[in-house]
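> After the sequence you'll find the predicted model.
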Amino acid sequence: MKTLVVNPYLPIPARCTKIVSQTELEKLFRFEFLGKTIQENFDYLPGQFLELSIPGFGEAPFSITSTPTKKEYFEFCVRKVGTVTGALHDLKEGKKVGIRGPFGNGFPLNDLKGRDIIVIAGGLGLVPLRSLINYILDKRDKFGALKILYGTKQPKELLFRDELKAWEERKDVELLITVDAVPEGQEWSGNVGVVTTLIPKVEMHKDYTAVICGPPIMYKFVLRKLDGKLREDLIFLSLERRMRCGIGKCGHCAIGPKYTCLDGPVFSYEEIKNLQGAI
Amino acid sequence: MPLIKKQKIPLLVDKMLKKFDVIGPVPKDEKYVFSKVSRGEEVFLGYDTSILPPKKIFFPQEETLITFKKDEQLEFKPALEDGTPSKTDGDRKFVIFGVHACDIHAILTLDKQFMEVYPDPYYISKRARSLIIGVSCREPKETCFCGIMGTYTVEKGFDLFLEQIDEDEFYVIVGSDEGRKLLSAYPDFFEASTEETLEKLRKVLKEKDEKFADSVSITGLPTLLEQEFDSVNGEIWEELGEKCLGCGTCCLVCPTCFCFNVVDKVELSGKEGLTKRVWDSCLLADFAVIAGGFNFRPTQTSRIRYRIYHKLKYELERGGILGCVGCGRCNIACPAGIKMQDVIKKIKGE
Amino acid sequence: MKMKQSIAIDHFTRVEGHGRLFLELEDGEAKNVQLSIFEGPRLFEAFLKGRKYDEVPPLVSRICGICSASHILTGLETVENAMDIQVSDQTRLLRELLDIGEIVQSNVLHACFLALPDYLGAPSAIALADNHKELVKTSLELKDLGNNIARIVGGRAVHPITTKIGGFSKIPSKNSLEALENSFKNLKDRALNLVEVFGSLKYPDFERETDYVALKGDKKYEFLDAPLASSKEGILELSKYKEYIEEYTPPYSNSKACKRNGKGFMAGALSRMNLNHDLIDDEVKSLVERTGIEFPNKNPYLISFAQIIEVAHLIKRGIEILEELKNTELKPEKNSFKIKEGEGIAVTEAPRGALLHHYKFDDKGIVEYANIITPTCMNNRNIEEDIIAYTPQLQGKTEEEITFELHKLIRAYDPCISCSTHTLQIDLKSK
Amino acid sequence: MIFLVSDKGKLKVAILGLTCCGGCQLEILNLEPVLLDLVEVIELVNFPEAQSENKDGPYDVAFVEGSVTTREEIERIKNIRKESKFLVALGTCACYGGVQSIRNFGDVEEARKQVYDDDGSHIDALPATGLDEHVNVDYYMRGCPVDRSEIVDVLTSLLIGKTPEPKHYSVCVECKLAEYACLLNEGKLCMGPVTNAGCKARCPAVSVPCDGCRGPYDQANLESFIEILKEKKISVEDILRKFRMYTSWAPQYRNLKVI
Ligand SMILES: Cc1cc2nc3c(=O)[nH]c(=O)nc-3n(C[C@H](O)[C@H](O)[C@H](O)COP(=O)(O)OP(=O)(O)OC[C@H]3O[C@@H](n4cnc5c(N)ncnc54)[C@H](O)[C@@H]3O)c2cc1C
Ligand code: SF4
Ligand code: SF4
Ligand code: SF4
C-alpha cells in the first residue's frame, strides 16, 4: 500500500472532471489529481477510502467507487447529508478539492481470488462494492462465481442503473435486486422486501465468500440469515464509523480495540464477532 | 552517579534558560499548570499534580494542521510550527522540568499513538525537541492510584529523573545520552554520590513500594472486563451512566487521551483559512454520531463504559501498554465524583 | 386661520432601543409633545424581589448593555451600603478604572458614531469612513480601548464578571495592565485632538436654561464617589431622593419620566461639565478654552462635546491610575462580611448621567424592595421641554428638515432606551 | 456554495432588536478590529441602532436580539422572519427570553395592574419569551451577551455558503481546554456541566462560577447535576434561583423540579 504524502494530514488538490446525478440525494463525482504523474502513480484497492476536503467546509471520508483498473481517474458516489457532502453536491465540474489517502485495508483480494463470491449491498453500501465488482469483472478469469444481492428502500434510490443493467445481462453474474417498498407514483416490477429476503433465492455452497456493505442495522439481519451457511472467516463486512483523520489518530472510529480506518473498514466476521459494539 | 541539592535546582534552571526553553509546573489559582518559565524559582517541584498533563506541550489543545488558500489555485500547506512552545526560536530545544513518573508513562503511550503507523509530524516536531526531566513524588495523593497501575516508578522515557532521597537532596538517574550530556554541560550543579546516598536511595525506593503499592492490582482486569460488558453485573455501567454528566472533562485532563476533532476556519475574505485539530472526548454525546444521525454509542452508559474499556483493556490489546497511568486527574476533575479506582475495585469485586 | 401640523418620528435611529416622537404644531408652536418609548417593559424591580443580594449586580447589569458596568458598580455600592461592607483602595482604584473604560466606550460610541454623522452629513459612522477614515479609526481605537479595559479588569466588555461584592474575583495581571497603559499612551494625543475636532463643529444655536443634576466632585472630576448636586439647589441629600425627584408614567410611554419642582431637569455629560468644569485636567482645559466654548453652557447639543472632553480627561486620569497600580503589589483579596438586614441607596454617574439604585434586604440577604432610576428616565421630560422651546426656531422649515433637527436633538441626549424601560416599578406583593 | 464572497457579492444583513439591554448588538459594534473589513463583505441593509438610512427586507441574514414581550413585537418578529432567509436569534434574550422572563413565573398581568393602577392600561406586558415561540429560528447564538467571535464565525460561515454548526457540549469542555481550576469541585454552584459551550468559559476564567447564561445544552444530564449540587450541600433555593437567572424559560428549565 502506497501513501501519497509524507505528512499524512496534507491534502493534495484534485480536479472534478465529471458529475453525474444518480438519485435525488446521490451524485457520482469523477476526479483527477492535478499533476499527471501523481494521477498515474495513484494506486488503491477496492474497498479503500479517501479523505476529501473542501476548504472551509471540512473533510470527510468516502469510499472509492471506481476500480483501480481505471488509471485515468477515480470516482466517489456521495449522498448529500451535511456540510461537506452538501458543499460537494454544489461543486461544479472543473473545480478543485483536496484529497488524502488511500486509507484503510480494502477488500481482501487474496481471500477472494479463485473463489465464488456473493456480494450483499444495502443502499449506499453498493458504492465501495461497485469498485470490487468492476474489479472482478475486469479480471473475470481470476475469480469464481459472482452473485450480487442489492436492496434499497424504494425504486428511485437505486444507484448505477446503467451498470446494474449491464451486470444483469452478463452470463457470468447473477444479480438480484429488491426494494423495501414501492411508494405511489414509482414503477417497479421486481422483488419487494428487505435485502435478506433475497438470500434464500440464491444457491450457495459453504465455501462462498461473502462481502457485505450497507447501513448499520442491515448487518445484524444479514448475518443472522447467513449464520451457519458460510464460514465466518469468509464473510467480510465494510463498516462505517465517524472519522476525523483516517489514519488512526483521532479516535472517533474505534470499535473496541480496532480502528475502522486502520484495521478496517473491511473486517471478517470472525474478527469482529465478539467485538463489543461492532454490530 | 550524581546528586543535586534542592537549593541548586532553581539556579540550574536559570542556567538552562540560556540555552533552552524551560517548561515546568507553576502555581495558578491554588492549582498547578505546566507553563513556560522565565526564572528558575518559578518551577515548583513540590506540586501535587497539574490541571492538564504535559501532553499539551506535544499535542496542544488546539493546533493548526494545514493552511489553505483558494485564489486561482487551490493550495494546501502544512503548518508545523504552530503551537510549539518556541514558535519564534525555530528549533530551539526545550526542557520539561518536573514531570512525575505517571506522566512519563503517559508520554510513552502517546509516543506509541503518534509516532508509529502514520507518524504524526506535528507531534514529532515537538517531541523530538524536548528533554524530559522527571521528578519523584514522595507521598501518594488521595486521588492518585499509581499504586494500582504500577506507575509510581519509571525506567525509561526521561532524560534525567530526580528521585528525592532527602528533604533537600535528589538522586539523579540518567535515562538517555541527552541526559548524560546535560550532566556534563552543567557540572557545577551536581555532586558525586557516595555509598551513603546510594543506601538512602535504596531505602527510599523500598519505602515507596510500601507507601504506594495498593492491595488492589490490575492483574486479571482485562479478562474480568471481557465478562462484564453485557453481563448481569452490567449494573456498574448503568449506575455510572446515570451519574455521568457527559461533560467530557475526564478525557480532557487525561494524560493518555488523544482523541481530537478537526475543524476548518476561514478568513472573512473567504480566500484563506486553516484546518485545525482540537481535543475531543469520547464522553461527549456526538462523538460517535455518523451522517444520518446514527449514534454508535447512543447512551451515556455506553460512552462511559467505552472509556473505561479503552483505558483498561483496549489500549493494552492494541499496543501492550495500559491506557491509564493512575495519575488521578479524572478523579479530581469529574464533577460527578466518578473515580476510576472505585470502578476498578468494583469490577474486581473488592 | 391656525396652521395645524403634526409630526411623528416613528422609529429613532442611531439611538439604543426603540422610541418614537409625536409632535403637534400650531402656527409653528409646539402644542403637544410626546416622547414615547415602546421598547417592551422588562419589570426588573418586580423580579429582583426575592433574589439574593449577590445576584443583584449581575442581574441589574442586564438593564443596559451599554452602561452595564455602571449598573453593576452602582448595584455593588448599594449592597455594600446596606450591609456595611468596606472595600480596599485597590478595589476602589480598579473599579474606577473599569468605570473609565465604560465612560470612554460609551461616550465615544455616542459622540463619534451616533452624533457626529449628523454634523458631517453622513447616515452612519460606517459611511463616515469614506471621507474621514482617520477620524473613524481613532474613534474605533478609543472605543476598543474602553472595551479592553472592561475585558482586562472586568473579564468581558459587556456585562463584566469579576465585579463582586467586596472586591474583585480576579485581579488583572501586571502584563495586561502594562499593555493597557501603552494603549492609553498611544491614544492620548489623538484623544486630545478629538477635543479640537468637536470644539470646531457647528452646533445649532439653541439655548435653554434648566436644572443640571450630577455628582459634584470636590477635588476630582467624579463618577463614582461624590454627592449628588443640582445647579439650582447645590448638594442634595441622597436618602431623601424621593422628595426631590418625582417619578411618573406618561400615558403614552413604556418608560417613566422624572421631574423636579414640577419641571424637567438634565442629567449627563453636560450637567457634569456644568457642575465640575473646573476639575478637568489642565491640559484638556486649555484645549477647551482654545475652542471658545465656555462652561457652564445651556446648549443641549453640547452634550456630545462634553462627552469628548470627558474622554480626553479620562485618558489622562487612566494613565495616572495605571501608573499608581504599577507601583502597588496587586493581590487577590478575600473580603468576608456578614449578610444582614438593611437598606442601601447609591448614586453614580453612568455615561448618560446620574444612576440611582435603592434596595432593601431581609436578614437572609433577600431583596424585599428595589427601585432604580436611570439617567434616560431623568432626561425624558427635559427632552420634551427642549423640543417645545426649540420648535419656534424651526419655523419655515420643511417637515423633513424639522424631523431631522428634532431627531438630532433627541440623539444629542444619547437616550438609552432599554435602560429606561426596565423601570416600570411594580410592588409585586405575592398573594 | 463555496466562496460565495467572490461569487455573489455582499451578504445582505439586518441587525434588529426587540426587548433587551442592547448588549448583544453592542457586541457587534464592539468588533472594532474587524468592523471595517466586515463591511467590505456584508451590506448592512437595516441596522437602526447604528445608521439612519435603513431599508426593509429581503435580507440574507437577520440578527435579532431581544425577547418578545408585546403584541407589537410578535408582529414584528413574524415580519422579520418573512423577510429573512436565515434568522439568527442573537443572544440569550432572543434564544430563551433572557432575564426578563424571570417574571413569567409570577402573574405578569397582575403585576402590571398593581403598578399602574388605572393609567397603566396602555402598557402591554406579555410573558417574555425567545423568538422561537413565534417563528422558526435558524441559528441560536447564545450568551448574555453573545461572544463576538461567534458573530464573525457565523458570518464567515454564511459568506462561504455553509450553515453554521452549533456546538453540542458543555462549558466544562472549554473550561478544561483553557486549564482553569474547577469551581464546582470547590463547592461552588457552577452551571458549566449543563450549559452550552461557546463562551470559552468566560466566567470560570476569572474564578466566577458559570451562571448558565447560554442555556442547557441538548444532552444535559439535569437530574444527576441537581443531585450532585445537593450532595455538595447547596440549598434547594439557591439551586432553583440559579436555574432562574438568564435562561429560566428554556423548555428544559421551565418546569424543572429541583426537589
Ligand atoms: C470509510 C467510510 C467510507 C464512506 N464512504 C462514503 C461514500 O462512498 N459515499 C457517501 O456518501 N458517504 C460515505 N461515507 C459517509 C460520509 O463520510 C459521511 O456522509 C460524511 O462524513 C458526512 O459529512 P458531512 O460533512 O456532509 O456531514 P456532517 O455535516 O458532518 O453531518 C451529517 C449528518 O450527520 C449527523 N451528525 C453529524 N454530526 C452530528 C452531531 N454532532 N450531532 C448530531 N448529529 C450529527 C447529522 O444527522 C447530520 O445531518 C463513508 C464513511 C466512511 C467512514
Ligand atoms: S468527568 Fe465525570 S461526569 Fe464528566 S464525562 Fe467524565 S465521568 Fe462523566
Ligand atoms: S469550573 Fe464549572 S465549567 Fe469549569 S470544569 Fe468546573 S464545573 Fe465545568
Ligand atoms: S461561563 Fe456561563 S455564565 Fe459565563 S459567559 Fe459562559 S455560559 Fe455565560
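Great, that's in hand. Ligands and ions are numbered 1, 2, ... in the order given.
> after the host helix or strand of residue C:354 comes which helix or strand?
In this assignment (DSSP states H and E), residue C:354 forms part of strand C:353-361. Next helix or strand after strand C:353-361 toward the C-terminus (DSSP H and E): strand C:367-373.
> Could you check the angle that following strand makes with strand C:353-361?
Orientation note: strand C:367-373 sits at an angle of 170 degrees relative to strand C:353-361 (axes from the mean of the first three to the mean of the last three CA atoms, to 10 degrees).
> C-alpha coordinates for the helix or strand just after strand C:367-373, PDB please?
Counting by DSSP H and E, the next helix or strand C-terminal to strand C:367-373 is helix C:375-390. What follows is helix C:375-390, C-alpha atoms only, in PDB (Å, rounded to 0.1, in the frame of the first residue of the first chain):
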ATOM      1  CA  PRO C 375     -30.500  58.700  33.500                       C
ATOM      2  CA  THR C 376     -32.700  58.300  30.500                       C
ATOM      3  CA  CYS C 377     -35.800  58.500  32.700                       C
ATOM      4  CA  MET C 378     -34.400  61.600  34.300                       C
ATOM      5  CA  ASN C 379     -33.900  63.200  30.900                       C
ATOM      6  CA  ASN C 380     -37.200  62.200  29.200                       C
ATOM      7  CA  ARG C 381     -39.100  65.300  30.500                       C
ATOM      8  CA  ASN C 382     -36.200  67.600  29.700                       C
ATOM      9  CA  ILE C 383     -36.100  66.500  26.100                       C
ATOM     10  CA  GLU C 384     -39.800  67.200  25.700                       C
ATOM     11  CA  GLU C 385     -39.300  70.700  27.200                       C
ATOM     12  CA  ASP C 386     -36.300  71.300  24.900                       C
ATOM     13  CA  ILE C 387     -38.400  70.400  21.900                       C
ATOM     14  CA  ILE C 388     -41.100  72.800  22.900                       C
ATOM     15  CA  ALA C 389     -38.600  75.600  23.300                       C
ATOM     16  CA  TYR C 390     -36.700  74.700  20.100                       C
END
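> Run the contact check for helix C:375-390 versus chain D.
No. Helix C:375-390 stays clear of chain D (CB under 8 Å from any CB of the partner chain), getting no nearer than 11.8 Å. C-beta here means a position set from N, CA and C on the backbone, and glycine is covered the same way.
> helices or strands next to that helix in the packing?
Here helix C:375-390 is seen to pack against strand C:29-37, strand C:257-259, strand C:265-266, strand C:353-361, helix C:399-412, helix C:417-420 when contacts are counted using 3 or more CB pairs under 8 Å, 6 or more residues apart in numbering or on different chains; DSSP states H and E.
> Centre of the chain to that helix, how far?
Offset of helix C:375-390 from its chain centre (CA atoms, centre = their mean, to the nearest Å): 15 Å.
> And the average pLDDT for that helix is what?
For helix C:375-390, the mean per-residue pLDDT is 88.
> Strand C:29-37 and that one, what's the angle between them?
Using the same axes, to 10 degrees: helix C:375-390 against strand C:29-37 is 160 degrees.
> Run a quick neighbour tally on the closest residue to ligand 3 within the stretch 101-250 of chain D.
Of all residues in the stretch 101-250 of chain D, the one sitting closest to ligand 3 is residue D:192 (2.2 Å; CB to the nearest ligand atom). Neighbour count for residue D:192, taken as other CB atoms under 10 Å in any protein chain shown: 29.
> distance of residue D:36 from ligand 4?
Residue D:36 is 27 Å from ligand 4, where distance means CB to the nearest ligand atom, to the nearest Å.
> so where does residue B:34 fall, helix or strand?
Taking DSSP H and E as the criterion, the element that holds residue B:34 is strand B:31-36.
> Which residues belonging to that strand are considered buried?
B:31, B:32, B:33, B:34, B:35 (16 or more other CB atoms under 10 Å in any protein chain shown).
> what's the closest of the residues you listed to residue A:18?
Minimum separation from residue A:18 among the buried residues of strand B:31-36 (CB to CB) is found for residue B:34, which lies at 52.3 Å.
> still on that earlier bit, got the contact list for the strand holding residue B:34?
Strand B:31-36 is contacted by residues B:21-26, B:28, B:44, B:47-54, B:56-57, B:85, B:96, D:179, D:181 when judged by CB atoms under 8 Å, 6 or more residues apart in numbering or on different chains.
> Go again with 6 Å.
With CB atoms under 6 Å, 6 or more residues apart in numbering or on different chains as the test, strand B:31-36 has contacts from B:21, B:23, B:25, B:26, B:47, B:50, B:51, B:54, B:85, D:179, D:181.
> Give me the number of neighbouring residues for the first one.
In other words, residue B:21. Applying other CB under 10 Å, I find that residue B:21 has 20 neighbouring residues.
> Tell me the bridge partners for it.
residue B:94 (DSSP bridges).
> so it sits right up against residue B:94, yeah?
Yes. In this structure residue B:21 lies within contact range of residue B:94 using CB atoms under 6 Å: 3.9 Å.
> Could you chop chain D up by domain?
D:11-159, D:171-243 (automatic domain parsing).
> lowest-confidence stretch among those domains?
Taking the mean pLDDT of the domains of chain D, domain D:11-159 comes last: a mean of 86.
> from the chain's centre, how far out does that domain sit?
For domain D:11-159, the distance to the chain centre is 9 Å (CA atoms, centre = their mean).
> hmm, it in reach of chain C?
Yes. Judged by CB under 6 Å from any CB of the partner chain, domain D:11-159 comes into contact with chain C through D:19, D:21-23, D:26-27, D:30, D:32, D:39, D:48-53, D:69-70, D:73, D:99-100, D:102-103, D:111, D:114-115, D:119, D:123, D:125, D:145.
> Now list the buried members of those.
Using 16+ other CB under 10 Å as the burial test, the residues of domain D:11-159 next to chain C include D:19, D:21-23, D:26-27, D:30, D:32, D:39, D:48-52, D:69-70, D:73, D:99-100, D:102-103, D:111, D:115, D:123, D:125, D:145 as buried.
> Distance check, residue C:268 against residue C:148.
Residue C:268 sits 24 Å away from residue C:148, going by CB to CB, to the nearest Å.
> Please work out which residue of the stretch 151-300 of chain C is closest to chain B.
Residue nearest to chain B within the stretch 151-300 of chain C (CB to the nearest CB): residue C:170, separated by 8.7 Å.
> and the closest residue to that residue other than its chain neighbours, how many neighbours?
Distances taken as CB to CB, 6 or more residues apart in numbering or on different chains place residue D:206 nearest to residue C:170, at 4.0 Å, with adjacent residues excluded. Neighbourhood size, residue D:206 [other CB under 10 Å]: 22.
> What distance do you get for residue B:112 to residue B:319?
From residue B:112 across to residue B:319, the span is 5 Å (CB to CB).
> Now do the buried residues in stretch B:314-330.
B:314-316, B:318, B:321-330.
> can you list the residues that contact that stretch?
Residues from elsewhere that reach stretch B:314-330, judged by CB under 6 Å, 6+ apart: A:256-257, B:102, B:105-106, B:109, B:112, B:143-146, B:148-149, B:151, B:250, B:253-256, B:310-311, B:340.
> likewise stretch B:287-301?
A:81, A:82, A:216, A:240, A:242, B:237, B:238, B:241, B:244, B:246, B:303, B:306.
> in chain B, what residue is nearest chain C?
Closest point on chain B to chain C, by CB to the nearest CB, is residue B:29, at 8.7 Å.
> OK, contacts around that residue?
Applying CB under 6 Å, 6+ apart, the residues near residue B:29 are residue D:181.
> among the helices and strands packed on helix C:375-390, which is nearest residue A:130?
Per CB to CB, nearest to residue A:130 of the helices and strands packed on helix C:375-390: helix C:417-420, 60.8 Å.
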